[in-house]
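**Student:** Quick one: sequence and predicted model below, then my questions.
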Amino acid sequence: MLQKELIDKLHKNSILSADEFYKMLSEHDEEDSEYLFGLARKVRENIYGKDVYIRGLIEFSNYCRNDCYYCGIRKSNTNASRYRLSGDEILECADEGYRLGFRTFVLQGGEDMFFTAEKIADIVRNIKKRHSDCAVTLSVGERDYDTYKYWYDAGADRYLLRHETATDEHYRKLHPDELSLENRKKCLFDLKEIGYQVGAGFMVGSPYQTTEYLVNDLLFLKELKPHMIGIGPYISQQDTPFADMENGTLEQTLFLLGILRLMFPNVLLPSTTALGTIAPNGRELGLKAGANVVMPNLSPVSVRKKYQLYDNKICTGEESAQCAGCLRNRIESVGYEMTVSRGDYKI
């Protein structure tokens with residue numbers, strides 16, 4: 001075991017110096033990982049018990065105004081089969097999810113300006129009107145302060161906006177010139193100021209990523225103090241400029257999940273679909289590394305294959321009930337319980 005002392009220090013203090021994080025990320029071995037995961041499980045179980053929270057993901061549009069180099073729904077991908085769900089279709093997904101025990105719905109889409117601030121606010125209000133005991137999470141990218149405030153006032157509870165990388169040099173290698181890390185970070189701090197439960201996060205093993213960049217991500221998250229952190233392995237998509245880039249690894253993603261649990265004991269930490277895509281038992285291993293959230297897909301089966309952020313995405317052919325039933329079995333197989341709950345951040 002190479003890094004027990006640093007892992008214990010992180011467990012005690014929830015933070016390390018940049019040099020210490022660099023050493024831990026660069027030089028750990030399998031024994032370190034297992035030790036880290038054991039501590040991470042204790043920390044999450046001390047706060048959240050054996051509960052795993054489920055979020056019903058509704059991918060309502062794969063149109064996007066942006067051209068991020070890693071993303072399969074980037075605007076210049078002419079091979080993408082575009083779709084938009086209607087307001088009624090979105091509500092039907094939420095109704096079905098409610099019947100299946102979901103009490104949080106995540107409305108996710110590209111930055112599709114067809115969905116104006118007013119349209120999204122109406123969708124949020126309608127879901128809240130029908131299911132007042134549920135939380136609504138939005139994940140629709142960068143907007144201005146007033147729009148975020150308008151949606152919050154309409155009833156949105158949470159907002160997911162992965163920062164993707166906290167290093168400007170790296171950000172510019174992943175995105176076209178019109179996008180900036182400065183604005184991305186501004187959006188995250190705006191969302192916190194307004195009162196949302198805020199989620200940030202990054203891709204693990206994304207093109208040109210270095211250990212130093214990952215350290216910057218951890219330090220930025222400590223500054224932001226988000227309520228949710230979504231990380232997953234980078235997976236290439238065949239119709240992007242990064243089609244031939246190497247994917248992120250299961251091992252590195254799991255190690256970072258364990259680190260994040262020790263850094264943020266109360267955080268809502270998903271075991272992502274991308275983890276399940278790179279390894280058949282990836283989501284179960286994510287839970288054993290400290291995660292406590294899963295996000296099965298409630299989108300209509302007819303559009304699931306079209307929301308192709310990356311290649312070989314799992315669960316694109318399953319009905320919502322199948323997805324939920326499969327995940328329940330997977331969660332129980334590693335000693336946890338899928339709960340019917342909004343699953344709010346615990347202070």
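**Tutor:** It's in. All figures in this text were calculated on a predicted structure; none of them were measured in a lab.
**Student:** CA only for contacts and neighbour counts going forward, please
**Tutor:** Noted.
**Student:** And the helices in the protein?
**Tutor:** Here the chain has its helices, by DSSP state H, at 4-13, 18-27, 30-48, 87-99, 117-130, 145-154, 168-174, 181-194, 211-224, 250-263, 273-278, 282-288, 301-304, 320-333.
**Student:** buried residues in the second one?
**Tutor:** Residues of helix 18-27 classed as buried under the neighbour-count rule (16 or more other Cα atoms under 10 Å) are 20, 21, 22, 23, 24, 25.
**Student:** ok, now the first one?
**Tutor:** Taking 16+ other Cα under 10 Å as the neighbour-count basis, helix 4-13 is seen to contain the buried residues 4, 6, 7, 10, 11.
**Student:** Can you convert the residues you listed into a markdown table and add a column each for distance to residue 110 and pLDDT?
**Tutor:** A markdown table is the format used below for the buried residues of helix 4-13 (distance: Cα to Cα, whole Å; pLDDT from 0 to 100):
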| residue | distance to residue 110 | pLDDT |
| --- | --- | --- |
| 4 | 42 | 96 |
| 6 | 39 | 98 |
| 7 | 38 | 98 |
| 10 | 36 | 98 |
| 11 | 37 | 98 |
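**Student:** picking that back up, quick one: closest of the helices of the chain to residue 162.
**Tutor:** Proximity to residue 162 (Cα to Cα) singles out helix 181-194 among the helices of the chain, at 8.6 Å.
**Student:** how deep is residue 116 tucked in, by neighbour count?
**Tutor:** Neighbour count for residue 116, taken as other Cα atoms under 10 Å: 11.
**Student:** List the contacts of residue 229.
**Tutor:** Taking Cα atoms under 8 Å, 6 or more residues apart in numbering as the criterion, residue 229 is in contact with 199, 200, 201, 267, 268, 269, 270.
**Student:** now the first one, which residues is it bridged with?
**Tutor:** Listed by DSSP bridges, the beta-bridge partners for residue 199 are residue 160, residue 228.
**Student:** Can you give me the pLDDT of it?
**Tutor:** Looking at residue 199, its pLDDT is 98.
**Student:** how far away is the residue positioned nearest the centre of the chain from residue 340?
**Tutor:** Nearest to the mean C-alpha position of the chain, by Cα atoms, centre = their mean, lies residue 230 at 3.2 Å. Look at residue 230 and residue 340: by Cα to Cα, to the nearest Å, they are 21 Å apart.
**Student:** now swap in residue 18 and tell me
**Tutor:** Note on residue 18: its distance to residue 340, by Cα to Cα, is 39 Å.
**Student:** which stretch among the helices of the chain comes nearest residue 244?
**Tutor:** That would be helix 168-174 among the helices of the chain, by Cα to Cα, at 14.3 Å.
**Student:** Quick check: buried residues in that closest one?
**Tutor:** 170, 171, 172, 174.
**Student:** ok, now which ones touch the second one?
**Tutor:** With contacts defined as Cα under 8 Å, 6+ apart, the neighbours of residue 171 are 164, 165, 180, 181.
**Student:** isn't residue 317 right next to residue 304, touching?
**Tutor:** Yes: counting by Cα atoms under 8 Å, residue 317 touches residue 304, with 7.3 Å between them.
**Student:** Residue 244: neighbour count?
**Tutor:** 11.
**Student:** got a pLDDT number for the nearest residue in space to it that is not next to it in sequence?
**Tutor:** Nearest non-adjacent residue to residue 244, counting by Cα to Cα, 6 or more residues apart in numbering: residue 236, 7.1 Å away. pLDDT for residue 236: 97.
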